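Asks: Kindly return the folded structure for what I paste below:
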Amino acid sequence: MSLARFVVWAPRKSSVTLMIKKLGESTPTRVAMERDDEGWWCPAEPLPEGAGSGAEGVGEFDYGFLLDDSDTVLPDPRSRRQPDGVHGWSRTFDADEFVWSDQMWTGRQLGGGIIYELHVGTFTPEGTLTAAIDRLDHLVELGIDFVELMPVNAFNGHHNWGYDGVLWYAVHEGYGGPLAYMQFVDACHQAGLAVIQDVVYNHLGPSGNYLSKFAPYLRSDAGPTVWGDEPNLDGEESDEVRRYIIDNALMFLTEYHVDGLRLDAVHALHDTRATHLLEELNIEVSSRSTFLRRPMPLIAESDLNDPRLITAREGGGYGLTAQWSDDFHHALYVSLTGDISGYYADFDSLAALGKVYESGFFHTGTRSSFRGRTHGHPIDTWRTPTWRLVVCSDNHDQIGNRATGERLSSKISPAQQAIAAMLTLLSPFTPMIFMGEEWGAQTPWRFFTSHPERELAERVRAGRLEEFSQMEWVTSDVPDPQDPRTFEASRLDWSELEKPSHAELLDFTRRLITIRRSYPDFTDPRFEEGRALSNDEAGWLLLERGDMVMVVNFGDHPTEVNVGRTVDPVIIIGQVEVAGDVVKLGPSSATAADATQYRVFAPPRRPAAAEPRART
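Replies: Residues are numbered from 1 along each chain as shown. Below is the predicted model of the structure:
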């Protein structure tokens, strides 16, 4: 049915009343509503005229709904604006009134691209979408293709990571609301940048969630967690709940011109139906992408190491475009830091990083000591392109979920930071940079909230400490998520770029991106074009991508690697000397090099098809 303004789904309510008032007026109008056979309610009486419009129901209004005999006005579950917060009245917003200037924009394919992840509230001192527009030139000069925004949906409080959203259709007012959001997307397209929006469909935030008062939006067989309730994806009346999610995705991709979605923690989606929500979402988005003639990548965050997510529907998978590979981060992090606490223990060998380069995952049905069981499934490396895996050396989770929110850059040397950048940006996967990483930002990225409810705030504090129970970290100095200073400390300090060490790393990052786009072997999507060798005792890792090689010394002592051919370095980190077939490496040094004479490894070739027999 048409989801016009002031229409709401409440199938189990005996009455619904629309409360509506023109902007600036204090006295609302009560409008009775009538129910259709599917449980949708629409106004049964004339609507007031908007200021200056002279037309019924046209103009800007504040509104909400009364359910049954309650006298509490509740916000619209599909509200586009919440100027007074998630507990306040909703406000109308007409996306069609915005005049776009991106008519020539045709989108970007994910393969070959580079993603930049940012949090609107801490990316700039102002913490708004409008202020972020002024920093787009920085991303363009860096060589970014996709800007990935952490969740922007409405949440309770002033500042938050965004994963506590409760009104998924509304853009957080503190960021500038929906108008500023559209202006940001439009500006990105004008700058040649695609936009990926991080969306959270696996849970609702713990404060301001009124969905269950309207309808069975939430699971009835699972109690609330510290993070909030789970959506009802497979129970009674779940068809409309799934529609609620899919319509939200299509809103971003069509009305707001967003180019793709990052789907948060899809492993937490509880769905037992024959067609999984992810597959259904992919079907709908693919249809819209076909109609609008521009790519709309769907990127899943998952810790399952399950290739089914990115396997085509024709092959029995969900058909998503890509998924995050945590194994890449863990293997790289351990190689650089030596930290083998908690879930890092499985990656205590350079061979783990080599396996990730060759196979995409480290855990491919192998035992995970942290989980106490086998984990993962092999990727079909013959049929799957490498770019379907998004990799990084840091992201909001990996930083923010450390005890004190310290970045990798604060734990390793400048040379090691350069090695991390090289291995990520010259990998055959889809690299992602977390804001500030490109210059080695020293500001932490901490977990912060601003819940007004004291009890909820205490639950969040306790939950953070419980999360660290399996890691060998000191928890006495864990920052208080509710302390405003925790949020303020997480803002990027752009003045760091004035310091030579940060400017040098930024220039190095730009050079890496230029190299990535100058040598096609680095982005060749065929897994079979890559080989890896390593030596834990000597501390080196050798990676081959076609005619390009990367040689890295992770150790604090000099080492040398016989690569078996003459190489011509295209970029050098630290002390590197090439002597014939041997690359001599000082401590924490590396090189990416061109080796066109011959390969160390003979690439596998599929058997040639048998010649057809001549007929007799």
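Asks: worst-scoring helix or strand of this structure, pLDDT-wise?
Replies: Lowest on mean pLDDT, DSSP states H and E among the helices and strands of the chain sits helix 454-467, with a mean of 74.
Asks: List the buried residues for it?
Replies: 456, 457, 459, 460, 461, 464 (16 or more other CB atoms under 10 Å). For glycine as for every other residue, the C-beta is placed from the backbone atoms N, C-alpha and C.
Asks: I'd like to know which of those residues is nearest to residue 40.
Replies: residue 456 (32.3 Å; CB to CB).
Asks: So that closest one is in contact with residue 207, correct?
Replies: Yes - Residue 456 is within contact range of residue 207, at 6.0 Å (criterion: CB atoms under 8 Å).
Asks: Could I get the phi/psi values of residue 416?
Replies: Main-chain dihedrals, residue 416, degrees, to the nearest 10: phi -70, psi -30.
Asks: What count of nearby residues applies to it?
Replies: Neighbour count for residue 416, taken as other CB atoms under 10 Å: 22.
Asks: pLDDT score assigned to it?
Replies: On the pLDDT scale, residue 416 is placed at 98.
Asks: Which parts of the stretch 151-300 of the chain are helices?
Replies: Assigned by DSSP state H, counting those that start in this stretch, the stretch 151-300 of the chain shows helices spanning 177-190, 211-214, 238-250, 277-292.
Asks: Let me know which of these is tucked in deepest.
Replies: Of the helices of the stretch 151-300 of the chain, the one with the most neighbours on average (mean count of other CB atoms under 10 Å) is helix 177-190, at a mean of 21.
Asks: and that helix, average pLDDT?
Replies: For helix 177-190, mean pLDDT is 98.
Asks: Renumber starting at 258 from here on
Replies: In the new count, where the first residue is 258, that last one comes out as helix 434-447.
Asks: got the contact list for it?
Replies: Contacts with helix 434-447, where a contact means CB atoms under 8 Å, 6 or more residues apart in numbering, come from 337-338, 340, 350, 352, 355, 357-359, 362, 385-387, 389-390, 393, 404, 409, 427-428, 432-433, 451-452, 513-515.
Asks: Residue 611: what secondary structure?
Replies: helix (DSSP: H, G, I helix; E, B strand; the rest coil).
Asks: Please report phi then psi for the nearest residue to it once chain neighbours are set aside.
Replies: Excluding its sequence neighbours, the residue lying closest to residue 611 (CB to CB, 6 or more residues apart in numbering) is residue 789, at 3.1 Å. Per-residue torsions, residue 789: phi -140, psi 140 (degrees, to the nearest 10).
Asks: circling back: buried ones among the contacts of helix 434-447?
Replies: With neighbours counted by 16+ other CB under 10 Å, the contacts of helix 434-447 contain buried members at 337-338, 350, 355, 362, 385-386, 389-390, 393, 404, 409, 427-428, 432-433, 451-452, 513-515.
Asks: Return the subset of the residues you listed lying in strands.
Replies: 404, 427, 428, 451, 452 (DSSP state E).
Asks: what does the helix or strand that residue 655 is a member of rub up against?
Replies: Element membership for residue 655 (DSSP states H and E) is helix 653-657. Helix 653-657 is contacted by residues 374, 376, 407, 418, 586, 590, 649, 662-665, 691, 701-704 when judged by CB under 8 Å, 6+ apart.
Asks: Return the entry from the residues you listed with the maximum number of neighbours.
Replies: Using other CB under 10 Å as the neighbour test, the contacts of helix 653-657 are led by residue 702, with 29 neighbours.
Asks: That one against residue 747, yeah?
Replies: Yes - counting by CB under 8 Å, residue 747 is a contact partner of residue 702 at 5.2 Å.
Asks: circling back: now the helix or strand just after the least confident helix or strand of the chain: buried residues?
Replies: Toward the C-terminus, helix 711-724 is succeeded by helix 741-745 as the next helix or strand (DSSP H and E). Neighbour counts over helix 741-745 (16+ other CB under 10 Å) mark 743, 744 as buried.
Asks: what's the following helix or strand after helix 741-745?
Replies: Counting by DSSP H and E, the element after helix 741-745 in chain order, helix or strand, is helix 757-773.
Asks: Report all helices and strands that that following helix contacts.
Replies: Contacting helix 757-773 under the criterion 3 or more CB pairs under 8 Å, 6 or more residues apart in numbering; DSSP states H and E are the following elements: helix 393-399, helix 671-682, strand 825-830.
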